[in-house]
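Asks: Structure here, sequence nowhere to be found:
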């Protein structure tokens with residue numbers, strides 16, 4: 001039913017810091033700035049991130065795209081019948097998100113979800129904030145989002161049984177993490193069981209490995225900007241690092257993500273850790289960091305390798 005991650009909304013008291021971070025480091029294009037915030041572009045759409053000035057700090061909404069108004073109506077009925085309140089977005093809210101129609105609901109952890117169709121195209125071509133090759137979006141959507149949750153059992157049935165996310169794979173060490181797809185992007189949504197409900201990171205994928213490396217150079221110039229060092233994931237083969245945003249959640253900048261065929265994909269347990277190398281995670285405690293490091297070293301000793309470059313089914 002859902003097609004892809006369309007956008008995220010962010011509320012922040014640090015609008016100016018976000019403007020510099022998003023353009024100078026991430027390479028996004030700032031658009032439609034006003035006293036209340038601005039949109040950020042990564043492609044031909046009018047907005048992929050929507051920054052709104054406010055006292056709270058962090059992700060305020062995740063926007064999931066459906067095909068049309070009929071699909072939106074069916075989703076509303078499905079959620080309502082299952083006991084999850086659904087509120088139609090107002091025309092003003094739809095205009096703020098640059099979409100034709102909008103529904104608002106919440107997942108069991110309280111995260112605001114927006115479902116929409118009819119995303120508006122921008123009136124001009126995408127112009128990156130710094131020199132880069134571009135972002136990989138299109139039918140794959142903006143990228144992926146990862147939540148932290150107190151309990152996977154309390155959250156995952158909502159995403160799987162009601163929203164139709166399909167399991168890609170899962171890991172049980174050094175933390176429990178489950179990864180889900182909607183399209184040929186390896187995962188558009190994931191959840192990590194940490195004991196705390198929150199937003200962990202947004203991933204955006206670049207068209208060139210050099211774009212990632214040059215961003216990594218820029219991030220290293222700012223103390224505390226890097227949240228996870230450069231590395232490569234075992235499940236989606238992404239080479240990436242994670243930058244701390246002005247709102248403290250992270251944005252993963254990656255390249256070379258795996259594409260899958262949703263019709264034939266078989267889920268599996270990724271039992272040798274989340275990364276083949278690198279990805280030192282500052283957000284983990286010392287014991288979990290040591291466990292993650294041992295998993296990487298064991299994978300190296302066993303000769304585990306990912307393909308040099310895989311897209312698979314596009």
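Replies: That came through fine. As the structure is a computational prediction, the values presented were derived from the model and not from experiment. Numbers count the residues shown, from 1 in each chain.
Asks: Give me the residue ranges of the stretch 151-300 of the chain where confidence is low.
Replies: Applying pLDDT under 70 to the stretch 151-300 of the chain flags no residue at all.
Asks: Assumed residue 70 was part of a helix.
Replies: Yes: assessed with DSSP: H, G, I helix; E, B strand; the rest coil, residue 70 lies in a helix.
Asks: That one and residue 270, how far apart?
Replies: Separation of residue 70 from residue 270 (C-beta to C-beta, to the nearest Å): 37 Å. (Each C-beta comes from the backbone N, C-alpha and C, glycine too.)
Asks: what about the two, which has more around it?
Replies: residue 270 (19 against 10; other C-beta atoms under 10 Å).
Asks: quick one: contacts for that one?
Replies: 169, 170, 171, 234, 235 (C-beta atoms under 8 Å, 6 or more residues apart in numbering).
Asks: burial measure for the first one, as a count.
Replies: Read it as residue 169. For residue 169, using other C-beta under 10 Å, the count is 22.
Asks: What helix or strand is residue 59 located in?
Replies: strand 58-65 (DSSP states H and E).
Asks: Sheet partners, orientation included, of that strand?
Replies: strand 4-12 (antiparallel), strand 112-117 (parallel) (DSSP bridges).
Asks: Would you mark the buried spots in it?
Replies: Buried positions in strand 58-65, judged by neighbour count with 16 or more other C-beta atoms under 10 Å: 59, 60, 61, 62, 63, 64, 65.
Asks: Excluding sequence neighbours, find me the nearest residue to residue 127.
Replies: With C-beta to C-beta, 6 or more residues apart in numbering as the criterion, residue 127 has its nearest non-adjacent residue at 5.4 Å, and that residue is residue 29.
Asks: The one you found and residue 11, how far apart?
Replies: Residue 29 sits at a distance of 21 Å from residue 11 (criterion: C-beta to C-beta).
Asks: Give me the more crowded residue out of the two.
Replies: Shown here are residue 29 and residue 11; by other C-beta under 10 Å, residue 29 has more neighbours (21 against 18).
Asks: Just list whatever residues bridge to that one.
Replies: Under DSSP bridges, the beta-bridge partners of residue 29 are residue 41.
Asks: doesn't residue 132 make contact with it?
Replies: No: assessed by C-beta atoms under 8 Å, residue 29 is found out of contact with residue 132, at 10.8 Å.
Asks: ok, and for the longest helix seen in the chain, which residues are buried?
Replies: Assignment by DSSP state H gives helix 286-301 as the longest helix of the chain. Buried residues in helix 286-301, counted by 16+ other C-beta under 10 Å: 292, 293, 295, 296, 299.
Asks: do you know how far the third one is from residue 26?
Replies: With distances taken as C-beta to C-beta, residue 295 is found 29 Å from residue 26.
Asks: repeat for the first one
Replies: The spacing between residue 292 and residue 26, counted by C-beta to C-beta, is 26 Å.
Asks: where does residue 213 land in three-state SS?
Replies: Residue 213 ends up helix, using three-state DSSP.
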